[in-house]
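Test case, fold it:
(one chain, ligands or ions: 1)
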Amino acid sequence: MTIPTADVEAYLAATAARRLERFLAFLRIPSISGIPEHAADCRRAAEQLARDLGAVGLENVEVSETGGHPLVYADWLHADGAPTVLLYGHYDVQPVDPLDEWEATPFEPIVRDGRVLARGASDDKSNISIALAAAEALLATRGALPVNLKLVFEGEEESSSVHLDAWLEANVARLAADVALVADAGFFEGNLPAITVGLRGICAAEIHVRGPFQDVHSGVHGGAIENPINALAAIIAALKGPDGRIRIPGFYDDVVALSEADRAAFSTLPFDEEEYRAELDVPALAGETGWTTLERRGARPTLDVNGIWGGFQGQGSKTIIPGRASAKVTCRLVAGQDPDRVFTLLRDHVLAITPPGVRVDVVSLGGGRPTLTPMDHPATRAYARALEATFGRAPLYVREGGSVPVAASLESIVGLPVTVMGFMPPNGNFHAPNEWMDLANLETGIRALVRFFDEFAADGA
Ligand SMILES: [Zn+2]
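From the prediction side, this is the model:
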């Protein structure tokens, strides 16, 4: 690990324990944005974050109302003549179900074997804490940052960022910058430093199937009417073929084809399929034929059922034909695809294939556009140099399967080029039970971000 500067390193070393305590306190706030009962916790997380930002010397700190969970803004704008970086992260987290698969209580973080285990430990409270610590170390030792910095920490990323675009539109003027750093990503398999140059978009929907007016007796009515759960299962089964191709007409029309160079870049990434399979504990990898696992995961669109419910869930049997059945479905989208158009295609196809004995509603749960990062932007290059100097090896350039709709919004609404950064371990169980953060990544991430600010200031303007 290269030392950014001796005084910064000395400061970071001297304050490590306090920094970890601050991180753990942040993790103890159950800021689950998707569950209404946690609205007060989201606000508490925002207020705690605002206090921390103010305490380290950031200015114009504001818990900003959005109509939903608040957003936290702060800046430091005294680097005259230096470039301006807008750094985005999100303080909200995913729900914790299934709770019984956790080795710890999700919001009582434990530190063990160089890891912190807690919901949000990696996604995305780690990257927020890294940004906070990098700014703190620079302000404490130099009294200044090498760049102008604007921080935007959202509270609704894990619930489709419903109020973010309107907030960005209302704040375009004060968000002016040279680049947006979207700090919501991580490293590549093997914990290798990586820069995410492609992010998938998303289209989320619910399918509601209605049969008889209520649950009815399956002996009395069985054989006479359609069963909503059977019908829903048939609909879902028809959405994808055995070759893994999505069978919604027009679904692939706008997908930007991978070039030979894109496919060559994929093929050079170090990736052990067997290790990946074993880590997930699945009997085999699966997906669309004709593409490698990494291509399928980073550059091909998907359709997955995320949840399904209906009928009797208790112990033993209950002889009913249920009145209702529902499923949650998401599509990951790649460059070229538009979430609104994909939702329309999905809805129309579901309506077209619904059996005649039931009624169906397809409801949009929002979406986000995919993005591709400009690799030759000075910020991307400065970030690559910072990673190489810190970790002793050049970063990999990867396309991430996940979705960060804000990247597309920062591009299209605020007009900023976007570089995606982050230090989450690739197998950190984000969105899953036993989410964890690598403490070494947390610490080296701070050094790398300090280094990035210096590198970008030196030749980024
Ligand atoms: Zn995230």
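
I figured residue 345 hits residue 248, correct?
Yes: contact between residue 345 and residue 248 holds when scored by Cβ atoms under 8 Å: they sit 5.1 Å apart. For glycine as for every other residue, the C-beta is placed from the backbone atoms N, C-alpha and C.

Need the residues touching each of these two.
Common neighbours of residue 345 and residue 248 (criterion: Cβ atoms under 8 Å, 6 or more residues apart in numbering): none identified.

how long is stretch 93-108 from one end to the other?
Stretch 93-108 has an end-to-end distance of 14 Å (Cα to Cα, to the nearest Å).

tell me which element the residue sitting furthest away from the middle of the chain falls in.
Ranking residues of the chain by C-alpha distance from their mean position (Cα atoms, centre = their mean) puts residue 220 at the top, at 48.1 Å. When secondary structure is defined using DSSP states H and E, the element that contains residue 220 is helix 218-221.

who touches that helix?
212, 319, 320, 321.

can you do 7 Å?
Helix 218-221 has contacts (Cβ atoms under 7 Å, 6 or more residues apart in numbering) with 319, 320, 321.

Name the residues linked to the last one by a beta bridge.
The one in question is residue 321. Assessed by DSSP bridges, residue 321 has beta-bridge partners residue 216.

So it sits against residue 213, correct?
No: Residue 321 is not in contact with residue 213 according to Cβ atoms under 7 Å; the separation is 11.3 Å.

which of those two has more neighbours?
Of the pair residue 321 and residue 213, residue 321 is the one with more neighbours under other Cβ atoms under 10 Å, namely 24 against 7.

Up against the ion, what does the chain have?
By Cβ under 5 Å from the ion, the part of the chain that sits against the ion consists of 123, 124, 184.

residue contacts, the first one?
Looking back up the chat, that one is residue 123. Neighbour list for residue 123: 424, 430, 431, 435 [criterion: Cβ under 7 Å, 6+ apart].

and residue 6, how many residues sit next to it?
Here the number of neighbours of residue 6 (other Cβ under 10 Å) works out to 9.

Among the contacts of residue 123, which pair sits farthest apart?
Spatially, the most separated pair among these is 424 and 431, at 11.3 Å (Cβ to Cβ).

These two - which one has more neighbours?
Here residue 424 and residue 431 are set side by side on neighbour count (other Cβ under 10 Å), and the busier one is residue 424, at 27 against 14.

Name the nearest residue to the more buried one, sequence neighbours excluded.
Once its chain neighbours are removed from consideration, residue 424 has its nearest residue in residue 186; the separation is 2.9 Å (Cβ to Cβ, 6 or more residues apart in numbering).

mind checking how far residue 203 is from residue 343?
Residue 203 sits 5 Å away from residue 343, taking Cβ to Cβ, to the nearest Å as the criterion.
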